[in-house]
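Asker: here is my input, please return the structure:
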Amino acid sequence: MASQKVADKFSLPIHQHREGIINLIKNNQVTIVQAETGSGKSTQIPQFLLEAYPKSKIVVSQPRRMAAIAVASRVASELNSDLGSLVGFHIKGECKVSNQTQITYMTSGVLIQIISHIPLSNPLPWDFVIMDEVHERSIEMDFLLVVFKYYLSKGKQFKLILMSATMQNILAGYYSPSSLKLLSKKQFLLEKNDIHEHIIDWTVQESEWMPNIMKNNFYKPTVTTISSTVNFTEVKDPLTVFTTDSRKYKIHINYIKDVLSLINSKIVMDYLMKSSKESLEISLYDVEFIFKNIQKSDPEEIDQVIFTVAVRLILYYFLAEPNKNNETFLVFLPGIQEISQMFEMLQDYFCDCFESLDIIMLHSSIPEKEHIKVLKPPKEGCRRVILSTNIAESSITLPDVSFVIDFCCSREVYFNPKTMNESLILVWAAKATAQQRAGRSGRVSEGNVYRMITSEFHEGLLEYPRPEMQRSCLDKIILKLKLMEISDPKSILAETVEPPSLEQINSSEDFLKEMGAINLTGKISRLGRMYADMPYDIRVTRLCVFSILFHCVKDAMKIASIISLEKNILTNFSALRPSESIKHPYTYMQRLIYAKDSDSDLIMHKNIFDVWYKKFGKEVKMTMFKHGHRHLRNVRPSQAERKFCAKNYFEVNSLREALSNYIDIKQRFLDLKLDPWYFKETPQEPSLKLCIAAAFCDRILVSCYEIFDERMRNREIDMLPNNKSMYISKFPTTITEDDIKGLLSINKEQPESITIARSCAIVKYPDNTNDKTLKMSLWLGNYTRKYLNLAWIVMKQLENGRRVSMKSNPVYISRVPAEYRKEGSIFNVSDRRTGKSIEINFLKRLEYPYKLQHKDIITGEIVKIEEDSVNYSLFTTNYALANSLSLVCTEYSERNKYLLGKNSTVLPPWTFLPYAIILIFTPTAAYIPDPYNKRYLGFTVNSSLRIEFAYLYTHEDALWINDMRNKVSGFVSNLDYFENSGFSMEIIQDIVEFSRKERIPIKAQYPNWEKVINWNCPKFVSETDTWESDGFLPPLKLLNLSEDLSYLYFNIPTIKSLKTSYVTELHTQVEIISITECFLVCSFCQQIICPLTKIKQLPGEPIKFSIRAPYGSLVETDKTESTGFSQFLERNYIVQKWENCNQEHLLGWSDDQGSYISCNSPVQFLLPMMRYEPFNEKMWKKDFEALKGLEISYLKEFAELNIEKLCRICDERFENYDEFSKHVKINDTHMKKETMFMENYVS
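Answerer: Below you'll find the model as predicted:
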């Protein structure tokens, strides 16, 4: 076998150019080799160097782990050497090298890890550094390019070889002698601190390649970039690029216009008509219209016509060349969504001959067993179609590909420096990417490439992919530079091939400060050195560090090892072929089972790992690992292990990779002298969740009901029989109770009843139903792929006018057009074998009024929990808990209108826990006072993001927070905590007590009321604590408040009384101003009836002592309650109707002539100065003369008064009494302020 591989290597095209390559490397310090994919450059050029320089050390960087292992294994076999001897590999968590190793293949990340620990004055340990697949321009690749250029400018003695199938011209100028010389000069000036504008150029320019979504939603159209003053494409002395035209077979490039004759051919149209498919021709106009409308902006989605063209193209070759099953189709699609759509369309178009296709899907979320199939020959008599993302561009060798269908799109990760979140965005591929994809064909015969764009549109594409350096967070890169003793990372990043924006760098540095990696002066902290040393995400390392603090090391490190995986440890069936995808709901049930009521995805994953490890992990560890390092690879799982994992939907390879990560993380911390006793501790109940919250304290969510309007929510609750009931609206009348029970049968607990009424189905569960059952039911009725997975549809077969329930069949779903697969839709298809009609009901979602929604506590943005999370359908029937429940996520991903939260954990429901965690563990927090400098209103994070307290936060609380920050800083900076497990601070108990302490709700805003009531509050001045630390968590500056708010809490009754007195006084003043004449009023409520001038005496009997109010303000009624006064009126007068005041107090009677009151009526006179006089027979006989005299007297007294026309609540003074009166009585602004003034802002 080895001799056969040796013979094969001499037949590789690159061997024809061996001498030319060696001579070029010998005569140049930097060599660039461009050779086609499959030419053998990755395996042969290192061997060329070893033959020419037998004692040399060679390192080859590869962008992916699997490529590094596969190529190293191949080269070792060709050199007839054991892997790890002459040839080895080094990837994260696994190192297969020895003292005899001369050729080492390693991932770019590991290479960065190694060189960041080599002092600048020391030589590199290799004679030759080969960087393969340079065209990918990953952030690691660009970092290595600039670092090696920096080393070369310093005169370090090594040779650099750059290799790719598609090489950018810019690299030839980037490493030109003049560019190296200029960089050397700049470094000399930087070391002398003689930096001028000509060294680093800060410019503001339009970013042409930036996706529209980023411009519209995230950025302004211009960005500030840093750049070298050299245009590397225009240097006068570029390096010579060694180019080989080594392809054996020709590749024919076609565009979408070129295939119209094929997809509209008679053979295709006849088939479509026979299969009852849409057989309309796709015209040149249809295609041109699509790309004319796009106008070269990034697409929001791929047009359905493009999918149709691609499917019909495959159909054409399937029909026209039925005997060429050995020719494989490779279809490049941007993501799993498009892969699924393409699969469904192939299933639909190929109908009964679908089994003649061997379809394989390649995507990181798809189980590895699907990926393995691509390396095996297709099924007998089947034609292979591979639906893949860019994973098939270079990582996997596919020798039988004859046709490449390229949608010319990809999904790229973009970092938003303003929100510090990442987004996966659909963009057009670059020309170089399209060329790389085309190179996957033509290996064993001539290849045909079909690009699903027009040739004119292709000309407008970018030449090369957008460099990841310009669209990623630079946190690890900046840390590596600081670890290399480069104090100002901007000076190096400005020299990258295509530099990042200044905003990116500043945001990344701000993030590092928040994570405690660098202190406020920009120096790397001890924690930052740990981040830099670990080959894991910063937050993952942070979780491990804080696990020591919270005494949950073993569990937290297991979680860290799992979230560092590229694939999930649970199989994701949702996007597979329908026969497999129907298993997806069962994997979600497994999630709920293994979560064990923890409401945590992370703990659920840990529990799965524990179950697997208990049964098989110990044996795997003994077989594959030695001394904390992996020494054997690809040990085949036993039949029992494979069977166990398949039964429980576990990914066996992911679990083994998680074990590898765990052992690696554990060993790294033991190397840091962590006390092994920490791994034997049993964590306390809340400690693991508190540790997770501390590590991801910038990803905390708070909750509220999804139906925010309480009246709407209560209306839905009232229609349900109990709080364990849900409903489906617009329910089809043909669906029965048994149909719904069938959909929910995955649950062990079944509904107590299903009531169908008024086009609504109410699903009632018993009162003692487990929350897990409700979560599963809600998930089934709400997740996105519920129809494609057959989880929320009901199929009925129509027989003799009757509908008969049947088992759902994925074949029928594929025949339903995508636009009809929506909630509430009903669609009929025909069974081709029996001819019977099948009715497919796409049910409306399952509703539950107690469901919660979540928002980020810092930014206030809505965050949706990912669908596969155990917290996807989080709910509570406890109203108080609904607004105090909090979660923490390990990651946010930005969507167009919301954030997607991943790996969520529900925190203990303690009122102040989210605030406490952020204040303790965020270095950049700062308090803010309320507008009147009376209390702690809240705090800011990173100088701009504002959080307001909903509860009373006192000076004593602020002192406690600083004390805790001091302890945490001491922990990070003191190695004793690592080496001595008994050196505990009991921090868990302190945080629990502080967070659970009963808190006083407080209003966010209130008027400045002290001046109104002349309140004197005790004043105090607070001082900021200080301590010695490495700057990880400096003390928060306390506020100099003007009063002690906690003192006010104990004086609420006194303050309330004073406020009431002032408001009463204010309104009394207004009433005094308003009364400028004598009025008749009700004795009970002082309601004005009429002025004195309107009262007339009616002479004669029997109503000698009665008066008439002609215009009156009395209310007539036909009946009244029988009282002594009403009986008196009935005995003495002719009563037609009763007269009441507006408050319904009986005052008199009426007839056709008018309204009357007697001298016994409960009325009195109101005079100026708010003086009252009784109404009686004596006053009546005097004919009101005395009243008139009093009115004149009181008006004189009023004129002498000097009433202050001032409203102290609104701090407004008025010119006249009329304006003052209107302000207090009817001004809306005043009434709102008065209401706020009277509220107890400390509740």
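Asker: would you agree Leu576 is in contact with Met361?
Answerer: Yes. If you go by Cβ atoms under 8 Å, Leu576 and Met361 touch, sitting 7.1 Å apart. Yep, even glycine has a C-beta here, placed from its N, CA and C like the rest.
Asker: neighbour count for these two, which is higher?
Answerer: When neighbours are counted by other Cβ atoms under 10 Å, Leu576 and Met361 differ, and Met361 comes out ahead with 26 against 21.
Asker: please report how far the more buried one lies from Leu1146.
Answerer: Plainly put, Met361 is 86 Å away from Leu1146 if you go by Cβ to Cβ, to the nearest Å.
Asker: now do Pro751
Answerer: Relative to Leu1146, Pro751 is positioned 60 Å away (criterion: Cβ to Cβ).
Asker: same question, Ala320
Answerer: Following Cβ to Cβ, the distance that separates Ala320 from Leu1146 is 102 Å.
Asker: what about the two, which has more around it?
Answerer: When Ala320 is set against Leu1146 and neighbours are counted by other Cβ under 10 Å, the residue ahead is Leu1146, at 20 against 12.
Asker: next one: phi and psi at the more buried one?
Answerer: Reported as degrees, to the nearest 10, the phi and psi values for Leu1146 are phi -70, psi 120.
Asker: check contacts around it.
Answerer: Listed by Cβ atoms under 8 Å, 6 or more residues apart in numbering, the contact set of Leu1146 reads 1120-1121, 1123, 1125-1126, 1138-1140, 1162.
Asker: same check on Glu288?
Answerer: Glu288 neighbours (Cβ under 8 Å, 6+ apart): Thr454.
Asker: tell me the secondary structure at Lys482.
Answerer: In terms of secondary structure, Lys482 is helix; the call rests on DSSP: H, G, I helix; E, B strand; the rest coil.
Asker: grab the nearest non-local neighbour of Lys680.
Answerer: Counting by Cβ to Cβ, 6 or more residues apart in numbering, the nearest residue to Lys680 once its immediate chain neighbours are dropped is Lys554, at 7.8 Å.
Asker: neighbouring contacts of the host helix or strand of that neighbour?
Answerer: Using DSSP states H and E, Lys554 maps to helix 553-563. By Cβ under 8 Å, 6+ apart, the list of residues contacting helix 553-563 from outside reads 536, 540-541, 543-544, 546-547, 550, 569, 602-603, 605-606, 609-610, 658-662, 664-666, 669, 674, 678-681, 683, 688, 691-692, 890, 903.
Asker: could you rerun that using 6 Å?
Answerer: Helix 553-563 has contacts (Cβ atoms under 6 Å, 6 or more residues apart in numbering) with 540, 543-544, 547, 602, 605-606, 609, 658, 661-662, 665, 678-679, 683, 688, 691, 890.
Asker: just the strands from the stretch 951-1100 of the chain, written as ranges.
Answerer: Using DSSP state E, counting those that start in this stretch, the strands assigned to the stretch 951-1100 of the chain run over residues 1079-1082, 1088-1091, 1096-1097.
Asker: neighbouring strands of the second one in the sheet, and parallel or not?
Answerer: It stands for strand 1088-1091. Strand 1088-1091 has its sheet partners listed here by DSSP bridges as strand 1079-1082 (antiparallel).
Asker: follow-up on the earlier one: in helices only, show me the contacts of helix 553-563.
Answerer: Mapping the contacts of helix 553-563 onto helices (DSSP state H) picks out 540, 543-544, 547, 602, 605-606, 609, 658, 661-662, 665, 688, 691.
Asker: please parse the protein into its domains.
Answerer: Segmentation of the chain into domains, based on automatic domain parsing, reads 2-175+239-243, 251-466, 550-695, 707-850, 913-1045, 1058-1203.
Asker: quick one: closest of those domains to Glu514.
Answerer: Across the domains of the chain, Glu514 has its closest neighbour in domain 913-1045 (5.5 Å, Cβ to Cβ).
Asker: can you report how many residues lie near Lys373?
Answerer: If you count neighbours by other Cβ under 10 Å, Lys373 ends up with 17.
Asker: what's near enough to touch it?
Answerer: Listed by Cβ under 6 Å, 6+ apart, the contact partners of Lys373 are Ile360.
Asker: which stretches of the stretch 601-750 of the chain form helices?
Answerer: Assigned by DSSP state H, counting those that start in this stretch, the stretch 601-750 of the chain shows helices spanning 601-612, 618-624, 639-648, 652-671, 687-695, 710-718, 737-743.
Asker: how distant is the third one from the center of its chain?
Answerer: Right, helix 639-648. For helix 639-648, the separation from the chain centroid amounts to 34 Å (computed by Cα atoms, centre = their mean, to the nearest Å).
Asker: list the buried ones in that helix?
Answerer: The neighbour-count criterion (16 or more other Cβ atoms under 10 Å) identifies 641, 644-645, 648 as the buried residues of helix 639-648.
Asker: next one: the first one
Answerer: Along helix 601-612, these residues count as buried under the neighbour rule (16+ other Cβ under 10 Å): 601-609, 611-612.
Asker: how about the second one?
Answerer: Under the neighbour-count criterion of 16+ other Cβ under 10 Å, helix 618-624 has 620-621, 624 buried.
Asker: any idea how far it is from the middle of the chain?
Answerer: With Cα atoms, centre = their mean as the basis, the distance from the averaged C-alpha position of helix 618-624 to the chain average is 37 Å.
Asker: what's the average pLDDT for that helix?
Answerer: What helix 618-624 shows for mean pLDDT is 83.
Asker: what does the last one give?
Answerer: Average pLDDT, helix 737-743: 91.
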